[in-house]
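Colleague: Show me how the following folds:
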Amino acid sequence: MYYNKQAIKATVGRGSVTVKDFSAGINGNKDEENLSLGECAFSYNFNMQGGTLKDGNGVKKSNFGNSPVFSEAGVKPERLYFYKRYNKDAKAYDEYLLIYASDKEIYAAKSTEEKFKKVDGLYFYAPPYACLYNYIGDDVMIFSSDEKMKVYDGTTVTTVENVPSVTSMCIHSERLFATEGGTKTSLWFSDDFNPLNWKVSLDEAGFIDIREGVGSLLKVVSFKDYVYVFANYGIVRVSAYGDQTEFSVDGIAASSGKIRGDSIAVCGDRVIYLAEDGFYSFSGSSPQRIMHKIDGKIAGVDNSAAKGCYFNGNYYCKLKMQSDCGVRDVLIKYDIHRGTFAVSSGLDITDFVVADGEKACELLFLINGKAQPAMLSDRAENFSVPLDKHWLSGKTDLGTTETKRVTRLSLRTLTEIYVTVKSERGSRILHFFGSSERQSRAVGLKGDLFTVSIDCRTPGATISALRIEYEY
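Modeller: So this is what the prediction gives:
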């Protein structure tokens, strides 16, 4: 029998997919097989906001004053504080950075100084909480921990006796409000106009025992004319104006996941915080979920040490997230107006504080192993050392359920990068150099489902127009 070999030859289909826009960002709530090619399973140190992969934030040496150095041998910085005091003689503000260190001492550096120096009398067994207060016309820094309260005026330290063990503090209606670390259900308040008087009486200081079924009290903030108390599993509102006999308490909202106390930050017209099940925005009524696309990367991760703050329209949070290569320490930057977020990793942040100075306002960091405080940089670097930048796609069938062979991959990149294409049958690593021209590389990898990862270490990344060609 005669067969026409050309007639029975298999037809080869060809196709291609293109990622024109990377701004969809991380989606950790979907299975990786259900992500669109523009979404990513995980990414860090890339800014995807404009649709192109560019450098995310890093840190660089702070420009606070003379950029003071912490040089105490064998001692590690643990907490960072900012203090400003109006100097009546100079008719200008003196500005200080203060560090609580592993030797339990506090060190201070004025903006005009080059080194941190130990402050005699500021000794605490645990990192203290602190707030600024204008006391009898003088700007002071109040520190409290270990049932000790100490007041620092830039020169001398005054110890206040018989105070509660404070876990957080805020100023509201000229009183100092504080959550207590002992009973964990007491909200304390000082005498009005006198944060040093904690004598309980009807016309001086006092406390409110909050038993709203919300667990231990974590943090107190002054927000929208009320005192809000955040607890393990809920938020309580306290109306606290005038005479203390008129104070009232209302339960506002319950939380299904345990709230992380140090993640709580007042961000203009809202309070943002992290709970076990994700991030929330609270405007005074019921909390609303935000950044829900990374819930899946947070679930099951211990974030009891997470910390947040608000700076220049963004909420920042230091926390841990699940990535494609295990749990990573990251810094989340959330734009409260656009609702977008970015992830930085590899910074090794110990602590941070907003230095709200008269000449400049900066977010300052303590970086593990660095002698000087740092500030944000628009390059993915850690004190001039480039950070690895990583983007990982979900698993894609490239639009067809047939077994495929990826033939080529092309893109545009202004810096050197490595692209890894993987399937259940193997992987290929492609090396691209920085160029203004579109570049293409042969792949030659079969499979049913593929992932693409992009890794870059060179500063100044600009990567776009990823195109994958295949046949089946």
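Colleague: Regarding residue 293, what is its secondary structure?
Modeller: Under DSSP: H, G, I helix; E, B strand; the rest coil, residue 293 falls in the helix class.
Colleague: Residue 27 is in contact with that one, correct?
Modeller: Yes. Between residue 293 and residue 27 there is a contact under C-beta atoms under 8 Å: 4.8 Å. Any C-beta I mention is one placed from the backbone N, CA and C, and that applies to glycine too.
Colleague: So between the two, which is more surrounded?
Modeller: Between residue 293 and residue 27, counting by other C-beta atoms under 10 Å, residue 27 is the more crowded of the two (21 against 17).
Colleague: measure the more buried one to residue 139 for me?
Modeller: Distance of residue 27 to residue 139, given as C-beta to C-beta, to the nearest Å: 46 Å.
Colleague: what do you get for residue 79?
Modeller: From residue 79 across to residue 139, the span is 20 Å (C-beta to C-beta).
Colleague: Span of stretch 298-314 from start to end?
Modeller: Using C-alpha to C-alpha, to the nearest Å, the end-to-end distance of stretch 298-314 comes to 20 Å.
Colleague: now stretch 176-184
Modeller: End-to-end for stretch 176-184, by C-alpha to C-alpha: 17 Å.
Colleague: Excluding chain neighbours, give the residue nearest to the most centrally placed residue in the chain in space.
Modeller: Residue closest to the average C-alpha location in the chain (C-alpha atoms, centre = their mean): residue 317, at 1.7 Å. Using C-beta to C-beta, 6 or more residues apart in numbering and skipping residues adjacent in sequence, the residue nearest residue 317 is residue 308, 4.2 Å away.
Colleague: wouldn't the one you found be in contact with residue 314 here?
Modeller: No. Using C-beta under 8 Å, residue 308 is not in contact with residue 314; the gap is 10.6 Å.
Colleague: shouldn't residue 397 be in contact with residue 451?
Modeller: No. The pair residue 397 / residue 451 is not scored as a contact, 11.3 Å apart, by C-beta under 8 Å.
Colleague: Between those two, tell me which one has more neighbours.
Modeller: Neighbours per residue (other C-beta under 10 Å) separate residue 397 from residue 451, with residue 451 holding more: 20 against 14.
Colleague: Okay, and the beta partners of the more buried one?
Modeller: The partner list for residue 451 in beta bridges (DSSP bridges) reads residue 422.
Colleague: tell me the contacts of it?
Modeller: The neighbours of residue 451, taking C-beta atoms under 8 Å, 6 or more residues apart in numbering as the test, are 32, 41, 392-396, 421-423.
Colleague: Quick one: which of the residues you listed is the most crowded by neighbours?
Modeller: Most crowded among the contacts of residue 451, counting by other C-beta under 10 Å, is residue 393 at 26 neighbours.
Colleague: low-confidence ranges in the chain?
Modeller: Scanning the chain for pLDDT under 70 picks out 1-11, 182-183.
Colleague: picking up where we left off before, now for the strand or helix carrying the residue nearest to residue 317, which elements pack on it?
Modeller: Applying DSSP states H and E as the criterion places residue 308 in strand 307-311. Applying 3 or more C-beta pairs under 8 Å, 6 or more residues apart in numbering; DSSP states H and E, one finds that strand 307-311 makes contact with strand 265-267, strand 270-275, strand 314-323, strand 349-356, strand 361-367.
Colleague: out of the ones you listed, nearest to residue 16?
Modeller: Proximity to residue 16 (C-beta to C-beta) singles out strand 314-323 among the helices and strands packed on strand 307-311, at 29.1 Å.
Colleague: tell me the angle of that closest one relative to strand 307-311?
Modeller: Angle of strand 314-323 versus strand 307-311, following axes from the mean of the first three to the mean of the last three C-alpha atoms, to 10 degrees, is 140 degrees.
Colleague: Run a quick neighbour tally on the nearest residue to residue 215 once chain neighbours are set aside.
Modeller: Beyond its immediate neighbours in the sequence, the residue positioned closest to residue 215 (C-beta to C-beta, 6+ apart) is residue 232, lying 3.0 Å away. By other C-beta under 10 Å, 18 other residues sit near residue 232.
Colleague: ok, residue 232 - contacts?
Modeller: Contacts for residue 232 (C-beta under 8 Å, 6+ apart) come out as 214-216, 218, 255, 258-259.
Colleague: again with residue 286
Modeller: Residues in contact with residue 286 (C-beta under 8 Å, 6+ apart) are 252-253.
Colleague: quick one: which of residue 79 and residue 139 has more around it?
Modeller: More neighbours surround residue 79 than the other of residue 79 and residue 139, with 20 against 17 (other C-beta under 10 Å).
Colleague: Tell me how far residue 140 lies from residue 262.
Modeller: Computed as C-beta to C-beta, the residue 140 to residue 262 distance reads 23 Å.
Colleague: Would you map the strands across the stretch 201-350 of the chain?
Modeller: Under the criterion DSSP state E, counting those that start in this stretch, the stretch 201-350 of the chain contains strands at 206-209, 217-223, 226-231, 234-239, 248-254, 265-267, 270-275, 278-282, 288-290, 307-311, 314-323, 326-335, 340-345, 349-356.
Colleague: In CSV: those, plus distance to residue 380.
Modeller: Below are the strands of the stretch 201-350 of the chain laid out as CSV (distance: least, C-beta to C-beta, whole Å):
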stretch, distance to residue 380
strand 206-209, 47
strand 217-223, 32
strand 226-231, 33
strand 234-239, 36
strand 248-254, 37
strand 265-267, 24
strand 270-275, 24
strand 278-282, 23
strand 288-290, 24
strand 307-311, 19
strand 314-323, 16
strand 326-335, 12
strand 340-345, 7
strand 349-356, 14
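Colleague: Residue 51: which of the ones you listed is closest?
Modeller: With C-beta to C-beta as the measure, strand 340-345 is the member of the strands of the stretch 201-350 of the chain nearest residue 51 (11.7 Å).
Colleague: of the helices and strands packed on strand 307-311, which approaches residue 184 most closely?
Modeller: The nearest among those, by C-beta to C-beta, is strand 270-275 at 17.9 Å.
Colleague: which residues in the stretch 1-150 of the chain form helices?
Modeller: Under the criterion DSSP state H, counting those that start in this stretch, helices of the stretch 1-150 of the chain are mapped to 5-8.
Colleague: coming back round to it: pull the most distant pair out of the contacts of residue 232.
Modeller: 216 and 255 (12.7 Å).
Colleague: of those two, who's got more company?
Modeller: A count of neighbours by other C-beta under 10 Å puts residue 255 above the other of residue 216 and residue 255, at 21 against 16.
Colleague: show me what contacts the more buried one?
Modeller: Taking C-beta under 8 Å, 6+ apart, we find residue 255 in contact with 214, 232-235, 275, 280, 287.
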